[in-house]
Structures are given as structure tokens and as C-alpha cells.
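K.L.:
have a look at this fold, sequence not included:
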């Protein structure tokens, strides 16, 4: 996603008409012992969650903000203000804004360079994890929506999603910032089916307005010179100064309808035959299998059956499943020795026991709950001498509900034994997770003790 904040973007009035149609669940602070807000830059905390910060603090909940960077890159073409000067100004503005929201709100700054969190996500992960560990009870974790369109927002959102998926004491809410600007209110890409709404009292909205005004370097021009224009002008600010603050909840699994629409546009799916990435990834996946032959194999999300056909050379019985009907017709032609069934997993889990389960490029289309249920099904149906092979794309995918790294981390967290194989590269991550009775290839052949 690329956008230019200097363009007019979607009009606030268009979103007003759309929001009137959204059936959102309310933001519920009941049961939360604390609120932890992740802000990639100064002003994100106010724009995305200022009303929530003020409301929670008024209710007596401890609120802490983790500021990732000082936002020194907000005016790259400024002829009057250096990045170091901007950093100093924005640090003061950040503290002033929090004081406007509530004087008891606490914060810390990680000092990551602006647009630099992709190179050191562990800095944010460690800081948030430490704060969660030190907080008794359930924490409401509030972070940018990973699909917001800004790289820092994406990485911060992914880190928050990963931590929320790994822990039982965290509830996650995600806030949009730039999606209001670039998204189409007539056909939005953002996950409004998960929307959560927080009505703001006039007093709280007034404090949010004052907090936004405290970010003077962003809402006012630095000077009359070109390059010193405000980043958050009145039009942009109007998206965030509504009497309701909007968040996204935990993503739901991608729907059958969305896959049907994809195959209607692209009958061959993701160019499984022609793409060297796909062919190489398939070869790496097959090479990672620790046994030469299997009794029974289940492929979750088999699509048009290209990998399924290869699995029929390695297994006596192969069952492929997919949520969409269209690719299964092609799969049956491509892999005539395999069986196929249309199924929306995990609800429609097929009967059977398997000594090989393959989950390739599908886990990140499942919600956190559905991924956990899928893992439970695999563990229950996998033979002692069987393996799960999971392989996932690591780059952003606007149609996914999580990421390859999130899926791999959750598998490692939930699987009762260490991975037999774990291969990580820029494009994909592949893990081979063994049953209780799996031994290494050399030990199986008697070549090692």
C-alpha cells in the first residue's frame, strides 16, 4: 500500500455515511486491569486512541503508552527544521498531549529511528512483552492496524498481533490512522466486520481535541515554506475527531466468498505452475519431508492441486481440502490419484488419521481462534510417527488476517515437541513439526545412534 498524505484522500463525509451502516460491538473495558497503547510516532496515540486513553484513565485503569520513534522523519523536505530538531519538538509535544488526555498516563520512548522498526521489531516486542509481564491481570493492548499502509504501523501491528496470539492475558484492539485517508468508504478494504466502537463524551472529545492541538509540528505548518506543510491538516484531523472512536477487533478467518471471488478472477490461483517462487518453495517443502513414503497425507488448502499431485508420489492415500469449489475441479484433473473435499476448516475437519499433514500458505487466512482449533485437530489426528509441514509467505498480504511469522510462532508455541526442520528466508518460513515417535532420517536408517 502506498499513498501520499498531501492528496485530498477520502472525504470525512464519505466515512460518516459508511459508519452509519456499521454494526459494531462496543469497546468493553470490563475485565481489563490495564491498558497498553503502542504508538509508532508521536500523535498516533492521540489520533487513534486518545479517547480510549482518556476514558480508561478516568475509569481508574492504569494506562501506559509505548512510543516507538520520535517521528523525526515527518517533514523530509523541510528547509527550516532538521530531523534532530523535530525529534526534540515532538518529544515535548507527546508529553503535552498525554497530559491533556489524563495527567496519570505514563509512557516510555524506545528511540527507534523513524521508519526503522522493520529492522528491529524485537526492540518493540521485548518492550511490550516486558510491560505485559509486569502487569497483573488482563491487559487491553491497543496498537495500529497492520493494514494501515505505513510501514511502521504495519510492523507495530504485527508485533502486537503476535504477542496477543501467544498470550492468554491480552485482548487486542487495532486502530486505523492512514486507512481513513486512502481506503474507499464505498468498498473498504479494512476489516469493518470486526469493528469496535467507543462513544466519547463531549468532555473526553474536548480533551482529545486539545491533545491533538498539542502536536503543533504536525497540525500547523512549520513555516510558510514549501515542505513545511502540516501532516495532519483539518481534513485529516476530522477523521479522528468524531464523537465515536473506532477500532478493529481480532480478525476473523477469511471467508469462502472472498476465495470464490479470487478464483473467479484468477482460475489458476497464484500461478502455482509458472512462478519460480512457487516451484522452488514446493521443491523445498518436498525435500524437507523426513520420510520417503507415507501411508496417508492430508493437505489443508490444496487450491488447484499442484502440490497435491506431487504428494501422490510420496503417499499411498492423499486427501486435499479447500474452502472454494472452483480450484478443486482443476485439482481433480491435475491429481487424479488423490481425493478431494470442499471444507471450511476447522469447522468441517475431515475424518481420518494422518502421518503427513501439509499446511502451505493457508494458516494466515485463519483467525487466531481458528488457527488454534486447526492445530488441535492436527494434533488429535496425527500418527505418532507423523509430521506436520507448515510453509508460509513472509511478505505483507492485505487479504491475510495475520502473517507467516505469526503462524509459525503460534505453531512453535502450541506444538509439544521441537521442530525437526525450521527453514527461514526472506520469502517464506517452513517448519516440520514431529509426532512423538518421529526420529531423524539417519537414526531411522541406523546410521546414527
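P.N.:
Structure's in. What do you need? Keep in mind the model is a prediction, meaning the values are calculated, not measured.

K.L.:
please, where are all the strands along the stretch 51-200 of the chain?
P.N.:
Along the stretch 51-200 of the chain, counting by DSSP state E, counting those that start in this stretch, strands occupy 63-67, 106-109, 139-144, 170-175, 195-199.

K.L.:
tell me which of these lies nearest to residue 365.
P.N.:
Smallest distance to residue 365 across the strands of the stretch 51-200 of the chain (Cβ to Cβ): 17.5 Å, for strand 170-175. Every residue, glycine included, has its C-beta placed from N, CA and C.

K.L.:
for that closest one, packing partners?
P.N.:
Judged by 3 or more Cβ pairs under 8 Å, 6 or more residues apart in numbering; DSSP states H and E, strand 170-175 is in contact with helix 44-58, strand 139-144, helix 151-166, strand 244-248.

K.L.:
to residue 330, which of these lies closest?
P.N.:
helix 151-166 (32.8 Å).

K.L.:
could you pull out the buried residues of the closest one?
P.N.:
For helix 151-166, the neighbour count (16 or more other Cβ atoms under 10 Å) marks 152-166 as buried.

K.L.:
ok and that helix relative to strand 63-67, angle-wise?
P.N.:
Inter-element angle recorded for helix 151-166 and strand 63-67: 130 degrees (by axes from the mean of the first three to the mean of the last three Cα atoms, to 10 degrees).

K.L.:
can you list the helices and strands packed on strand 170-175 in a markdown table and add distance to residue 337 and mean pLDDT?
P.N.:
Output for the helices and strands packed on strand 170-175, formatted as a markdown table (distance: least, Cβ to Cβ, whole Å; pLDDT from 0 to 100):
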| stretch | distance to residue 337 | mean pLDDT |
| --- | --- | --- |
| helix 44-58 | 52 | 98 |
| strand 139-144 | 47 | 97 |
| helix 151-166 | 37 | 91 |
| strand 244-248 | 43 | 98 |
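
K.L.:
residue 295 is nearest to which of these?
P.N.:
Among the helices and strands packed on strand 170-175, helix 151-166 comes nearest to residue 295, with 32.5 Å by Cβ to Cβ.

K.L.:
and that closest one, how far from the chain's centre?
P.N.:
Taking Cα atoms, centre = their mean, to the nearest Å, the mean C-alpha location of helix 151-166 is offset from the chain mean by 6 Å.

K.L.:
what packs against that helix?
P.N.:
strand 34-39, helix 121-133, strand 139-144, strand 170-175, helix 368-381, helix 404-414.

K.L.:
by how many degrees do that helix and strand 244-248 diverge?
P.N.:
Orientation check (the same axes, to 10 degrees): helix 151-166 against strand 244-248 gives 70 degrees.

K.L.:
surely residue 346 and residue 370 touch.
P.N.:
Yes: the pair residue 346 / residue 370 is scored as a contact, 5.6 Å apart, by Cβ atoms under 8 Å.

K.L.:
ok, the residue nearest to residue 71 when sequence neighbours are not counted to residue 47 distance?
P.N.:
Excluding its sequence neighbours, the residue lying closest to residue 71 (Cβ to Cβ, 6 or more residues apart in numbering) is residue 41, at 3.7 Å. For residue 41, the distance to residue 47 equals 10 Å [Cβ to Cβ, to the nearest Å].

K.L.:
now swap in residue 424 and tell me
P.N.:
Counting by Cβ to Cβ, the gap from residue 424 to residue 47 is 35 Å.

K.L.:
out of these two, which sits in the busier spot?
P.N.:
Using other Cβ atoms under 10 Å as the criterion, residue 424 and residue 47 rank with residue 47 on top: 26 against 13.

K.L.:
that one reaches residue 218, doesn't it?
P.N.:
No: look at residue 47 against residue 218 with Cβ under 8 Å: they stay out of range, at 9.2 Å.

K.L.:
overlap in contacts of the two?
P.N.:
Listed as contacting both residue 47 and residue 218 by Cβ atoms under 8 Å, 6 or more residues apart in numbering are residue 232.

K.L.:
name the residues of stretch 171-182 that are buried.
P.N.:
Buried positions in stretch 171-182, judged by neighbour count with 16+ other Cβ under 10 Å: 171, 172, 173, 174, 175, 176, 177, 178, 179, 180, 181, 182.

K.L.:
tell me how far it lies from the chain's centre.
P.N.:
From the chain centre to the centre of stretch 171-182 is a distance of 12 Å (Cα atoms, centre = their mean).

K.L.:
ditto for stretch 364-371
P.N.:
Worked out by Cα atoms, centre = their mean, stretch 364-371 lies 11 Å from the chain centre.

K.L.:
what comes up buried for that stretch?
P.N.:
Neighbour-count burial for stretch 364-371, counted by 16+ other Cβ under 10 Å, picks out 364, 365, 366, 367, 368, 370, 371.

K.L.:
got it, and stretch 7-23?
P.N.:
Buried residues in stretch 7-23 (16+ other Cβ under 10 Å): 9, 10, 12, 15, 18, 19.

K.L.:
nearest to residue 88 among those residues?
P.N.:
residue 9 (29.5 Å).

K.L.:
contacting residues around the nearest residue to that closest one once chain neighbours are set aside?
P.N.:
Leaving aside its sequence neighbours, residue 9 sits nearest to residue 181 (Cβ to Cβ, 6+ apart; 3.8 Å). Residue 181 sits next to 3, 5, 7, 9, 10, 236, 239 when contact means Cβ under 8 Å, 6+ apart.
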